[in-house]
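Chemist: Below: sequence and its predicted model.
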2 protein chains.
Amino acid sequence: MSATLADRVLAGDARAIARAISVIEDESVASAELIRAIFAHTGRAYLIGVTGPPGAGKSTLVDRLITEIRQRPVLNTHEHDGASASGVGVGVGPHPNRLTVGILAVDPTSPFSGGAVLGDRLRMQSHAGDEGVFIRSMATRGHLGGLARATADAALVLDASGKDIIVIETVGVGQDEVEIVRTADVSIVTLVPGAGDEVQALKAGIMEIADIFVVNKADREGSERLVAAVEATLSLATYREHEWRPPIVKTVATSGQGVPELMEAIAAFRVYAERDTGPARVSARALRRRLRSEQRLRELVSARCVDHLEREVLAPGEFATFVDRIAAREMDPYTAADLLLGRVLGGSRRS
Amino acid sequence: MSATLADRVLAGDARAIARAISVIEDESVASAELIRAIFAHTGRAYLIGVTGPPGAGKSTLVDRLITEIRQRPVLNTHEHDGASASGVGVGVGPHPNRLTVGILAVDPTSPFSGGAVLGDRLRMQSHAGDEGVFIRSMATRGHLGGLARATADAALVLDASGKDIIVIETVGVGQDEVEIVRTADVSIVTLVPGAGDEVQALKAGIMEIADIFVVNKADREGSERLVAAVEATLSLATYREHEWRPPIVKTVATSGQGVPELMEAIAAFRVYAERDTGPARVSARALRRRLRSEQRLRELVSARCVDHLEREVLAPGEFATFVDRIAAREMDPYTAADLLLGRVLGGSRRS
């Protein structure tokens, strides 16, 4: 089944992509088979991470960005004015001179009401009939880290399907979500005036991951104050010569104002990040990609180890007895973990 | 060292508590020793989780809550009016008739500027000289899940030190952060009018974890609309008889308005959650505690397994070669993880 599905994903079939991401969300064995089958065909897409607090207008901004990307005939961008999309990628989709886009909107947990699915439908409408755009919400309820894992694999599916640009949009500023965006090829942090004071924004823990800042809803009162606060924070850091200093782009996503400038900033960062600089003469983009691979491998080894323990080593219900003893304070979690690791290494199989 | 430190933590020494939490943030071996030494003395504190989007006023709300808790002579609450703190706990600190409080403010990643530390100092001032209050920001930059692990351990330290109430406050709505709050004894979700539309709030993925909703800044325009939106969402769920239906408490944290009512709601939930109901005649609180233990054990086994692999099984730099091969698309991450798990089980030691 997975071989066929993988083939259809590689052919860019939208229904197969949707199905493949569902397989990934289910965390089934088929998901590993699928990634194995497509992995060699990944690594071409350019990954844009967008994060920021709820209410910052990320969805609208991403929608505008998609429209901007889709409207530009990529091969002609050098004839455009300064606000061109040159350097962002090369079209390989069904419209050979347009970039194709996949969007993953990450919801940390699913809401009561299936709001994520509803959101998908609303957003789909503005790109309805455009085969070069694929939009999907991710909302896995699994173990810790499950969402990061699923999102990384879903991005691989979009990549393998030939999408030139993948946008990963995360609500929230959680550690997993920050990791998702941090390891993208370019990280965009979206802030908004008036959603709490500036200190709050600075404390939200999303400042140091930004390659580009967006101050959205820039027509609102307080936007200049917010820009100044971000500037002040940036001025605390020292940047070496030729080092990237995150620009601050002001946008009004609802009207599209500032979106061409954001595209410019992305293109400029891409040029910067693909230079072979830094201590090891390795490009910033290659470093990010390596970081993504490392993160992915650690997560998988961790998950595999616990799976193996529960399925192959322990008797049914045995893990639960360890949990009960910890909950009853009869055993501390470190001692329990040592005992369980010993069992994994001892390899005592259940009868 | 850790034995002495553990003894001083158990004696409630504030400097030892601070030192112990630093040890935990460093993820050193001493951290495991410390938890082993104190674990049997934990399990008494009542854990309050507070989350919500940035700018919702969580810090101010928690500050007010602390003041409220500290001002009430607990043993006398039954003589108070309806808005009493009865049922929230029993004082054992230096002021035997007041509840002692520990606060962990979780920042998903540290900001440029040490804002978390600054925040601590600002907040400390309003409880300066009160030995019954301990405030600490958590901002570990480690592997995925490292912050959840460190926060759970820091809560154990506060618990062992004799704090009656532990408040864990998280900015953001990330998966790890949601897990931290979800498994607290009571989960409070703080919303605020005007920080994005209502759908945004509902989509933020923090709705289904709430035992209590707080609509803060309730004097602002739009607060009734937000309350109605939360009510509408709640009305979509069906609650069995005697099942807890999350109340919505309106507060103005800056003035303290609504804080006594929030205390009441917490006390009512505690009474509810300690009843032995549900399918297995187990109380909701016992289930949460079990969930915390399970989560903790899974995390630790995962981390131990990867540690063991890197330190004991693989040669130095060998893990990096796997990462390089994945980054170069020469090997997929699932195949690499299988090979590495095989090495763990094979137990081939480095020479």
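Modeler: Received, thanks.

Chemist: helices and strands of chain A: which one bottoms out on pLDDT?
Modeler: Ranked by mean pLDDT, DSSP states H and E, the helix or strand of chain A with the weakest confidence is helix A:198-203, at a mean of 47.

Chemist: Next secondary structure after it?
Modeler: strand A:212-215 (DSSP states H and E).

Chemist: Give me the sheet partners of that next one and which way each runs.
Modeler: With DSSP bridges as the test, strand A:212-215 is paired with strand A:186-191 (parallel), strand A:248-250 (parallel).

Chemist: Just give me the lowest mean pLDDT stretch among those.
Modeler: Of all these, the minimum mean pLDDT falls on strand A:186-191 (a mean of 90).

Chemist: what sits against A:I326?
Modeler: A:I326 is in contact with A:332-333, A:336, B:293, B:296-297, counting by C-beta atoms under 8 Å, 6 or more residues apart in numbering or on different chains. For the C-beta atoms, the positions are set from N, CA and C on the backbone; glycine is no exception.

Chemist: at 6 Å what do you get?
Modeler: A:333, A:336, B:293 (C-beta atoms under 6 Å, 6 or more residues apart in numbering or on different chains).

Chemist: By neighbours, which of the residues you listed wins?
Modeler: A:P333 (29 neighbours; other C-beta atoms under 10 Å in any protein chain shown).

Chemist: quick one on the thing from earlier: closest to B:D219 out of the strands paired with strand A:212-215?
Modeler: Closest of these to B:D219 is strand A:186-191, at 24.9 Å (criterion: C-beta to C-beta).

Chemist: Can you give the distance of the closest one from its chain's centre?
Modeler: A distance of 11 Å separates the C-alpha centroid of strand A:186-191 from that of its chain, computed with C-alpha atoms, centre = their mean, to the nearest Å.

Chemist: cool, and stretch A:292-299?
Modeler: With C-alpha atoms, centre = their mean, you get 14 Å for stretch A:292-299.

Chemist: Please save the CA atoms from that stretch in CSV.
Modeler: What follows is stretch A:292-299, C-alpha atoms only, in CSV (Å, rounded to 0.1, in the frame of the first residue of the first chain):
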residue,chain,number,x,y,z
ARG,A,292,16.8,19.2,11.6
SER,A,293,18.3,15.8,10.9
GLU,A,294,19.9,15.6,14.3
GLN,A,295,16.7,16.5,16.1
ARG,A,296,14.8,14.0,14.0
LEU,A,297,17.2,11.2,14.7
ARG,A,298,17.2,11.8,18.5
GLU,A,299,13.4,11.8,18.6
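
Chemist: Just name the most buried of the strands paired with strand A:212-215.
Modeler: strand A:186-191 (a mean of 27; mean count of other C-beta atoms under 10 Å in any protein chain shown).

Chemist: Only alpha carbons, please: show that one as PDB.
Modeler: What follows is strand A:186-191 as a C-alpha-only set of coordinates in PDB (Å, rounded to 0.1, in the frame of the first residue of the first chain):
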ATOM      1  CA  VAL A 186      14.100  30.900   7.400                       C
ATOM      2  CA  SER A 187      12.300  31.700  10.600                       C
ATOM      3  CA  ILE A 188       9.700  34.600  10.600                       C
ATOM      4  CA  VAL A 189       8.500  35.800  14.000                       C
ATOM      5  CA  THR A 190       5.200  37.800  13.700                       C
ATOM      6  CA  LEU A 191       4.400  40.300  16.400                       C
END
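
Chemist: which residues sit against that strand?
Modeler: A:48-52, A:56, A:58, A:181, A:201, A:206, A:209-216, A:266, A:269.

Chemist: Check which helices and strands the helix or strand A:R304 falls within sits against.
Modeler: A:R304 belongs to helix A:284-308 when assigned by DSSP H and E. On a contact count with 3 or more C-beta pairs under 6 Å, 6 or more residues apart in numbering or on different chains; DSSP states H and E, helix A:284-308 meets helix B:284-308, helix B:318-327, helix B:333-346.

Chemist: Pull out the buried positions in the shortest one.
Modeler: Going back to what we said before, that points to helix B:318-327. B:319, B:322-323, B:325-327 (16 or more other C-beta atoms under 10 Å in any protein chain shown).

Chemist: cool, stretch A:224-232 as well?
Modeler: So, applying 16+ other C-beta under 10 Å, buried residues of stretch A:224-232: A:226-227, A:229-230.

Chemist: Comparing the helices and strands packed on helix A:284-308 by mean pLDDT, which bottoms out?
Modeler: helix B:284-308 (a mean of 89).

Chemist: Pull out the buried residues from stretch A:286-301.
Modeler: Buried-residue list, stretch A:286-301, by 16+ other C-beta under 10 Å: A:286, A:288-290, A:292-301.

Chemist: Count the residues that sit near A:E243.
Modeler: So A:E243, with other C-beta under 10 Å, has 12 neighbours.

Chemist: Likewise for A:E274?
Modeler: 14.

Chemist: avg pLDDT for stretch A:33-51?
Modeler: 93.

Chemist: Find the centremost residue of chain A, please.
Modeler: Nearest to the mean C-alpha position of chain A, by C-alpha atoms, centre = their mean, lies A:I168 at 3.8 Å.

Chemist: which residues does that one contact?
Modeler: Taking C-beta under 6 Å, 6+ apart, one finds A:49, A:104, A:180 in contact with A:I168.

Chemist: Can you report phi and psi for it?
Modeler: Torsion angles at A:I168 (phi, psi; degrees, to the nearest 10) stand at phi -110, psi 120.

Chemist: Let me know the distance separating it from B:T60.
Modeler: Separation of A:I168 from B:T60 (C-beta to C-beta, to the nearest Å) stands at 33 Å.

Chemist: circling back to that earlier point, sort out for me which of the contacts of A:I168 are in strands.
Modeler: A:49, A:104 (DSSP state E).

Chemist: leaving aside the residues next to it on the chain, what's closest to A:D185?
Modeler: The shortest distance from A:D185 to any non-neighbouring residue, by C-beta to C-beta, 6 or more residues apart in numbering or on different chains, is to A:L47 (4.4 Å).

Chemist: didn't that neighbour look like it was pressed against A:A184?
Modeler: Yes. Assessed by C-beta atoms under 6 Å, A:L47 is found in contact with A:A184 at 4.3 Å.

Chemist: Residue ranges in chain A under the pLDDT threshold?
Modeler: Counting by pLDDT under 70, the ranges of chain A that qualify are A:1-3, A:54, A:73-96, A:107-126, A:139-145, A:171-178, A:195-207, A:277-281, A:347-351.
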